[in-house]
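Visitor: Okay, sequence plus prediction incoming.
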Amino acid sequence: MSNKEYNFSEIEKKWQDFWEGSGLFRVNEECDRDKFYCLVMFPYPSGTLHVGHGRNYIIGDVVSRYKIMKGFRVLSPIGWDAFGLPAENAAIASGIHPSIHTKNNIKKMKVQLERWGVGYDWDREVTSCEPDYYKWTQWIFLKLFERNLAYKKKAAVNWCPSCATVLANEQVVDDLCERCDTRVKQRDLEQWFFRISDFAQRLLDDLETLDGWPEKVKVMQTNWIGRSEGAKINFKLEGSEKIIPCFTTRPDTIFGVTFMSLAPEHPIINELIKGTDHENPVSEFVDRVRCQSAIERTSEGTVKEGIFTGRYVINPVNSERVPLWVSNYALMEYGTGAVMAVPAHDQRDFEFACKYKLPIKIVIQPSGNDTALRPEEMSEAYVEDGVQVNSCQFDGIPNREAIPKIIDFFEEKGMGERNINYRLRDWLISRQRYWGAPIPIIYCDRCGAVPVPEDDLPVLLPENVEFKPHGHSPLNDVEEFVNTTCPKCGSGARRETDTMDTFVDSSWYYLRYLSSKDNAQAFDSETVNKWLPVDQYIGGIEHAILHLLYSRFITKVFFDLKLINFNEPFRNLFTQGMIIKDGAKMSKSKGNVVNPDLITEKYGADTQRLYTLFIAPPQRDAEWNDRGVIGSYRFLNRLWNNITEFEEHFKNVPDTEIQHSLFSKETKELYRHINITIKKVTEDIEKSWSFNTAIAAVMELLNMVVDFSAGLRDKEFKDEVNINDFNILRLSLETIVKVLAPFVPHICEELWKILGHNPSIFSVPWPIYDEDAIAAEQVEMVIQINGKVRSKLVVPSEISEDDLKSRVMEDQKIIENLDGKKIIKTIVVPKKLVNLVVR
RNA sequence: GCCGAAGUGGCGGAAUUGGCAGACGCGUUAGGUUCAGGACCUAAUGUCCGCAAGGAUGUCGGGGUUCGAAUCCCCGCUUCGGCACCA
């Protein structure tokens, strides 16, 4: 056999041009055949892609091409998440305008994507920084503003000093900026928010409908939304008509309240202390605590601190006077900003009470009361279940049962009500940066914040801007941008100079692909309703909360606006694992980036694709091994050489139907394995996306074909048996080429031609296997004695149990091993094994 | 602390209604081919004992269920991810 290396660069270019020219991936949205919307998360144009990024696009391409062969009309679009900080930071550093920088990067990355042979409908390309895209991002803002889902408020927000902008909660990880790892600070600023917290329950409920999502992502979103059930209880302020409500998940502990904690930001504090002896110390405490960052305030290790206000509230159930404190562990953003403190049954309250010598009152005792709790002996709060004590009419009831009863009691007496709280906060969407979609709002002294009329969209980003990181948007300094007239009253007014979080851009792009060139609307409802939800979404786990939660939210808003008829954007989600190099995630700063261009140059795109798929199951992280690439390259060359050496025969030997009656033992076995392989590959793709094992199965088949073809080499195919043998070889090679086509499309197109067919292999239906051919006539069975393998027997697969047993007893090795011992039990697993239990 | 995932040769990984552990590939070793290198071909390759035939042992550790456990149950350990002063 020849050992040439195939000319991948010529072949790959040729077929990439062919697919582009023949419009393999161009899809007419009017088409009503079986549709399949396959979507990969669109990239941020950072400049270059590494092999780790490649995994995402390669997986998406495998799915698209497989579905095409299965007869689906596949929509596979791509675009660019093109607004964002890196381009602007580059502008500050180098003076190159972000739009130039971004366009250059897009050009480079597009070449990379094409070189991988990943197929897209480029006619649908969207770029989020282009006015014809961000016009509609602004339109979406207006729609939310109309429905009061976009609003401005002053709040303590996360400020990244390095990025010189505010960040959403989701973009702060362990008190660090998700982008640049700088420690964020708390600042009181007036900012724009989207009311995502109004959708908390729906976002939670609909997770249950997402059967095609990884459990892990659903758990993460559930945690992030953080629902807790409980009650809101009204405490009267002593000496006032005022009520201070507080939220609790443990209304069963209401009789154990011994103090109340207010968040330092609580608006009532000032009036509580005004003119009293407590005014100065409490104010000082409040000011000091408010300077701390969120993490200093809220981490578990932080020492609890507080100060007495001098005032009391009244516990509604027993009229006890409850001292009112301000403490650093009460958060204004959660619940009502006031905590009813039960030191006996809450660890935080317990620590606080110990520190300030506040009373501890037990209201729940462990059941089986041999070990009754006593306050003076407690070293930590008792947070387990038990039986109510010191709780008047509720005494003796198990606390879990008491909860609804106590809430009913509150509701009857007007003391409080059922209540649910969520951890999810509203989405902070304004950014003090240039390179984003301007928020379409105009401030007028007379009319307030006025939305830009739809007809005036887009609010264009001015081109000539000075780039400096100074903590307010560079747009502030552009007079002709800022100064405008009020759309309502016509008097002089100023534009909003903040831009939108880029996650707003990416929260709706999957809709725009369906009408990327439509100048009259963001998307066409009818078309979108036909093609969405997305059948398969593929992307990184890092978006488990951010992008995927925001997109679900925006989809629900559109649903409410009756713009779309579906509630969830992505029916199936696949999160691929990271490619690791030298034990770490690839990054420029670590210098462990593997450049795909070098791999493609040396071995070709198909090799890179094959290795990326073969390296590990796609959902798992995998270590990139440069040596491993060569194995994939060898395999493709082996396949190439085994087909091309018979090229003449494929032309000359008539391609007659295979005659089963002419099968020899070898041909029958090969025919059987052809069918086994089709089955295995199909099931691996369909059921579990186990591309690595699918490819391994094809490798096994090729190994078998290589052995088989050795016997046919140099033969002339003249008699009937000969021709039949050759056509089995032909069938096996054609099958290999077909089932490999989604993985390594270029070489398969070329080999399909060499096998004597017209292009394209993607117009060929996915092969179907013959179930009957898979059944073997003979099987090898393992013979065990006491669970240890002692012999193996080849027997007819339909052998009777009696025949099998007598064959076992005649086996020389078994006779030796039995050594006269007594057989107590015989276990027979048909077609697999026989186990003799002996003593 | 709570929730979740994972742990198998020198390496990536395979095997799940419980039934031959290590498919496939990398690496390594030996041989062939080659002026040479690479490439290619053939064979071997978990560990230990043995010239061999063969035997023992082996899937993070310890128990258990079973004729039989990588797989099921219990108790631990390690790694990774999420949440974490959210009342």
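Guide: Received it, and whenever you're ready, just let me know what you need. The structure presented is a predicted model; accordingly, all values stated were derived computationally and were not measured.
Visitor: With adjacent residues omitted, what lies nearest to A:H266?
Guide: Leaving aside its chain neighbours, A:H266 sits nearest to A:G337 (4.7 Å; criterion: Cβ to Cβ, 6 or more residues apart in numbering). Just so you know, the C-beta spots here come from the backbone N, C-alpha and C atoms, and that holds for glycine as well.
Visitor: Kindly tell me how buried that neighbour is, as a neighbour count.
Guide: By other Cβ atoms under 10 Å, the residues close to A:G337 number 22.
Visitor: From A:A164, how far off is it?
Guide: 30 Å (Cβ to Cβ, to the nearest Å).
Visitor: Write out the residues of the stretch 401-550 of chain A neighbouring RNA strand B.
Guide: Proximity of the stretch 401-550 of chain A to RNA strand B is confined to A:421, A:423, A:541, A:545 under the rule Cβ under 7 Å from any atom of the strand.
Visitor: which other residues reach stretch A:200-211?
Guide: A:196, A:213, A:218, A:221-222, A:225, A:227, A:420, A:422, A:424, A:549, A:552-553, A:556, A:567-568, A:570-571, A:573 (Cβ atoms under 8 Å, 6 or more residues apart in numbering).
Visitor: Just the buried residues of these.
Guide: A:196, A:213, A:218, A:221, A:225, A:422, A:424, A:549, A:552-553, A:556, A:567-568, A:570-571, A:573 (16 or more other Cβ atoms under 10 Å).
Visitor: Identify the farthest-apart pair in these.
Guide: A:Y422 and A:R571 (25.4 Å; Cβ to Cβ).
Visitor: Please name the residues that touch the residue nearest to A:H266.
Guide: So A:G337 contacts A:262-263, A:265-266, A:330-331 (Cβ under 8 Å, 6+ apart).
Visitor: Just the buried ones from these?
Guide: With neighbours counted by 16+ other Cβ under 10 Å, these contain buried members at A:262-263, A:265-266, A:330.
Visitor: The closest residue to RNA strand B within the stretch 351-500 of chain A and A:Y312: what is the separation?
Guide: Using Cβ to the nearest atom of the strand, the single residue of the stretch 351-500 of chain A nearest to RNA strand B is A:R423, 4.2 Å away. Distance from A:R423 to A:Y312, counting by Cβ to Cβ: 30 Å.
Visitor: out of these two, which sits in the more crowded spot?
Guide: Using other Cβ under 10 Å as the criterion, A:R423 and A:Y312 rank with A:Y312 on top: 19 against 15.
Visitor: Tell me how far that one lies from A:T248.
Guide: 19 Å.
Visitor: so what's the residue nearest to A:D518 when sequence neighbours are not counted up against?
Guide: In this structure, A:D518 finds its nearest non-sequential neighbour in A:D524, 6.4 Å apart by Cβ to Cβ, 6+ apart. By Cβ under 8 Å, 6+ apart, the contact set of A:D524 is A:514-515, A:518.
Visitor: According to the record, where do the domains of chain A fall?
Guide: Under the assignment automatic domain parsing, the domains of chain A span A:227-422, A:599-774, A:778-838.
Visitor: quick one: which of those domains is nearest A:R55?
Guide: Of all those, domain A:599-774 sits nearest to A:R55, with 5.4 Å by Cβ to Cβ.
Visitor: Do any residues in that closest one lie close to RNA strand B?
Guide: Yes - residues of domain A:599-774 contacting RNA strand B under Cβ under 7 Å from any atom of the strand: A:614-617, A:620-623, A:625, A:627-628, A:630-632, A:634-635, A:637-638, A:690, A:692-693, A:695-696, A:699-700, A:703, A:706.
Visitor: Out of those residues, list just those in strands.
Guide: Per DSSP state E, strands hold the following members of the residues of domain A:599-774 next to RNA strand B: A:622-623.
Visitor: Buried by neighbour count, from the residues of domain A:599-774 next to RNA strand B: which ones?
Guide: Among these, the ones that count as buried (16+ other Cβ under 10 Å) are A:614-616, A:622, A:632, A:635, A:637-638, A:690, A:692, A:695, A:699.
Visitor: would you turn the residues you listed into JSON lines with pLDDT?
Guide: Putting those into JSON lines (pLDDT from 0 to 100) gives the following:
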{"residue": "A:F614", "pLDDT": "93"}
{"residue": "A:I615", "pLDDT": "91"}
{"residue": "A:A616", "pLDDT": "91"}
{"residue": "A:A622", "pLDDT": "86"}
{"residue": "A:S632", "pLDDT": "93"}
{"residue": "A:F635", "pLDDT": "94"}
{"residue": "A:N637", "pLDDT": "93"}
{"residue": "A:R638", "pLDDT": "92"}
{"residue": "A:S690", "pLDDT": "93"}
{"residue": "A:N692", "pLDDT": "94"}
{"residue": "A:I695", "pLDDT": "95"}
{"residue": "A:M699", "pLDDT": "95"}
